[in-house]
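>>> Could you work out the structure for the sequence below:
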Amino acid sequence: MLKINLNVKYAFLALAMVGFVSCSDDEVQVTPTPVETPLRTKIDYATLTPTTPYAATFVDADKKSTVDFSNGNNRYKMFQALNTYINSAITANKEIDAAVLKEMFNNTGNRFADSTKLNTSGVQLRDKVASSWPEANATAAQARFDTLFTNIAAASKSLTEVAAKGKAGKLGTRLVDAKGIELIQIIQKSLIGALQYDYIANVLLTKGLEADNKKVVSGKLYTQLEQNWDEAYGLLTLSPIYLAGSTDDKRATTEFALGSYVWEYNKEAYAKIYPAFLKGRAAIVNGDKAELKVQADYIKTQFEKAIAKAANGYMGKSVEAGKSEADRAHALGEGLGFVYSLRFATVNGADAKFSDGLLNELVGSANGYWDLTPAKTTSVTDKITAKFKL
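This is a model prediction of the structure:
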């Protein structure tokens with residue numbers, strides 16, 4: 001009897017355990033992984049060539065272009081317009097108004113030609129200057145340009161004077177301040193680094209690569225990642241195909257600022273910049289983050305090389321024998337602007353300390369240009385060469 005009861009007991013226990021396991025199995029819910037529908041049709045990298053049209057290549061399911069260069073192009077045009085106004089001190093032989101420059105910098109006061117529609121574009125230059133930096137540092141960099149605008153306006157009051165040590169005026173056709181510095185060049189070349197390079201390289205092609213790429217921006221045809229990449233291209237050039245048809249001896253497209261100096265000072269790589277932008281954009285379409293980073297890193301590296309080589313090139317010209325005083329001062333102004341821009345060259349580990357050290361070595365003395373020597377420029381170019389492995 002005891003044996004029978006034990007058997008029954010174990011039978012009930014076994015059934016209970018089966019029931020328990022069955023209940024547990026019923027409660028486990030396996031959610032199938034949804035299959036994502038790709039946002040875009042993938043692009044075969046092998047189909048891309050140096051003449052593949054950018055805007056027509058990247059389209060949505062309805063064959064509408066997802067490319068919008070407007071933000072980048074508008075800032076590019078603002079930079080051009082500001083530079084044209086500063087140069088009017090020479091081209092039109094007239095004084096510069098610092099207030100006008102500041103309003104152009106901030107896009108206030110309707111200072112741009114109506115036909116450009118820049119005044120109502122909703123973008124400005126100021127907020128993108130040194131925008132990769134912490135806010136306090138960026139604000140200080142932006143304020144530096146306000147000071148430069150004030151200084152160029154003051155120097156332009158001496159357009160009828162002949163420049164000399166301690167006296168602003170003209171050296172040949174060049175307007176310089178009391179230290180012999182051509183501020184027009186300082187402003188332009190400094191903005192190449194602080195505006196164009198920093199915003200393109202350190203923001204859009206670095207932090208900007210983390211942007212969403214799974215859905216289109218409300219009311220637009222592009223994702224935020226697509227827009228970041230396109231804005232970078234739009235701030236580099238207005239050309240549909242950057243440097244199309246150019247050779248080492250001839251630049252076949254109209255380029256300005258960074259886009260121009262990449263061709264002039266990076267002969268080894270300028271023809272590869274457009275294909276890199278094209279392939280990077282295709283990588284965004286394909287969801288290929290690894291390839292996207294490869295192309296972004298290449299673009300940044302080659303831009304930095306161009307800026308560093310431009311700094312060295314102009315430093316050499318600033319003490320070149322046989323050149324006029326005006327030409328040497330002009331070369332120095334360009335070189336100093338590029339040296340300032342090196343502080344944004346993060347790929348090669350440059351920073352403000354490195355850049356300021358070079359500037360102080362070159363023109364930190366009381367008389368600036370007038371105290372410049374070949375020994376100073378050689379010391380600086382050697383340091384740039386080492387830093388950027390030129």
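>>> what comes up buried for the lengthiest helix in the chain?
Once the chain is assigned using DSSP state H, the helix that runs over the most residues is helix 289-317. Within helix 289-317, the residues that qualify as buried are 291-292, 295-315, 317, counting by 16 or more other Cβ atoms under 10 Å. Backbone N, C-alpha and C define where each C-beta goes, glycine included.
>>> cool, and stretch 148-168?
Buried residues in stretch 148-168, counting neighbours by 16+ other Cβ under 10 Å, are found at Leu148, Phe149, Asn151, Ile152, Ala153, Ala154, Ala155, Ser156, Ser158, Leu159, Ala163, Ala168.
>>> so is Ile284 in a helix, a strand, or just coil?
helix (DSSP: H, G, I helix; E, B strand; the rest coil).
>>> quick one: it and Lys214 touch, right?
No - Ile284 sits out of contact with Lys214 when judged by Cβ atoms under 8 Å, with a separation of 11.5 Å.
>>> Residue ranges in the stretch 101-250 of the chain under the pLDDT threshold?
Applying pLDDT under 70 to the stretch 101-250 of the chain flags no residue at all.
>>> Please enumerate the strands of it.
With DSSP state E, counting those that start in this stretch applied, the stretch 101-250 of the chain shows strands at 169-171, 174-176, listed in chain order.
>>> Those: which one's closest to Asp44?
Distances from Asp44 to each of the strands of the stretch 101-250 of the chain were compared using Cβ to Cβ; the minimum, 52.0 Å, belongs to strand 174-176.
>>> List the neighbouring strands of that closest one plus their orientation.
Strand 174-176 has its sheet partners listed here by DSSP bridges as strand 169-171 (antiparallel).
>>> what does the partner strand contact?
Around strand 169-171, the neighbours that count as contacts under Cβ atoms under 8 Å, 6 or more residues apart in numbering are Ser158, Leu159, Thr160, Glu161, Val162, Ala163, Leu175, Val176, Gly180, Glu325, Ala326, Ala329.
>>> now those in JSON lines, with distance to Tyr340?
Converted to JSON lines, the contacts of strand 169-171 look like this (distance: Cβ to Cβ, whole Å):
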{"residue": "Ser158", "distance to Tyr340": "24"}
{"residue": "Leu159", "distance to Tyr340": "25"}
{"residue": "Thr160", "distance to Tyr340": "29"}
{"residue": "Glu161", "distance to Tyr340": "26"}
{"residue": "Val162", "distance to Tyr340": "27"}
{"residue": "Ala163", "distance to Tyr340": "22"}
{"residue": "Leu175", "distance to Tyr340": "19"}
{"residue": "Val176", "distance to Tyr340": "17"}
{"residue": "Gly180", "distance to Tyr340": "17"}
{"residue": "Glu325", "distance to Tyr340": "23"}
{"residue": "Ala326", "distance to Tyr340": "22"}
{"residue": "Ala329", "distance to Tyr340": "17"}
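>>> For Ala46, the count of nearby residues, please.
The burial metric for Ala46, expressed as a neighbour count using other Cβ atoms under 10 Å, is 6.
>>> quick one: Gly193 and Ala310 touch, right?
No - judged on Cβ under 8 Å, Gly193 makes no contact with Ala310 at a distance of 10.3 Å.
>>> Would you map the helices across this structure?
Taking DSSP H as the test, the helices found in the chain are 2-27, 54-57, 70-91, 98-106, 135-155, 183-191, 224-236, 258-265, 270-286, 289-317, 325-341, 352-363, 374-388.
>>> what does the second one rub up against?
Residues lying outside helix 54-57 but in contact with it, judged by Cβ under 8 Å, 6+ apart, are Ile43, Leu48, Ser65, Val67, Phe69, Tyr233, Pro240, Ile241, Phe277, Leu278, Arg281, Ala282.
>>> repeat that with 10 Å
Helix 54-57 has contacts (Cβ atoms under 10 Å, 6 or more residues apart in numbering) with 43, 47-48, 63, 65-69, 230, 233, 239-242, 274, 277-278, 281-282, 285.
>>> Buried by neighbour count, from these: which ones?
Using 16+ other Cβ under 10 Å, the buried ones in those are 43, 65-69, 230, 233, 239, 241-242, 274, 277-278, 281-282, 285.
>>> hey, what's in contact with both of Gly193 and Ala310?
Residues touching both Gly193 and Ala310 (Cβ under 10 Å, 6+ apart): Leu258, Gly337, Phe338, Val339, Ser341.
>>> what's the burial count for Thr91?
Neighbour count of Thr91, defined by other Cβ under 10 Å: 10.
>>> That one contacts Thr84, correct?
Yes - using Cβ atoms under 10 Å, Thr91 makes contact with Thr84 at a distance of 8.2 Å.
>>> ok, Leu101 - contacts?
With contact taken as Cβ under 10 Å, 6+ apart, Leu101 is in contact with Leu82, Tyr85, Ile86, Arg111, Phe145, Asp146, Leu148, Phe149, Thr150, Ile152, Ala153, Ile187.
>>> change it to 6 Å
The contact partners of Leu101, taken as Cβ atoms under 6 Å, 6 or more residues apart in numbering, are Phe149.
>>> and what of Ala296?
For Ala296, the contacting residues are Leu205, taking Cβ under 6 Å, 6+ apart as the criterion.
>>> Show me what stretch 362-380 is in contact with.
Applying Cβ under 6 Å, 6+ apart, the contact partners of stretch 362-380 are Lys165, Lys179, Gly180, Ile181, Met315, Val319, Ala329, Leu332, Leu358, Glu361.
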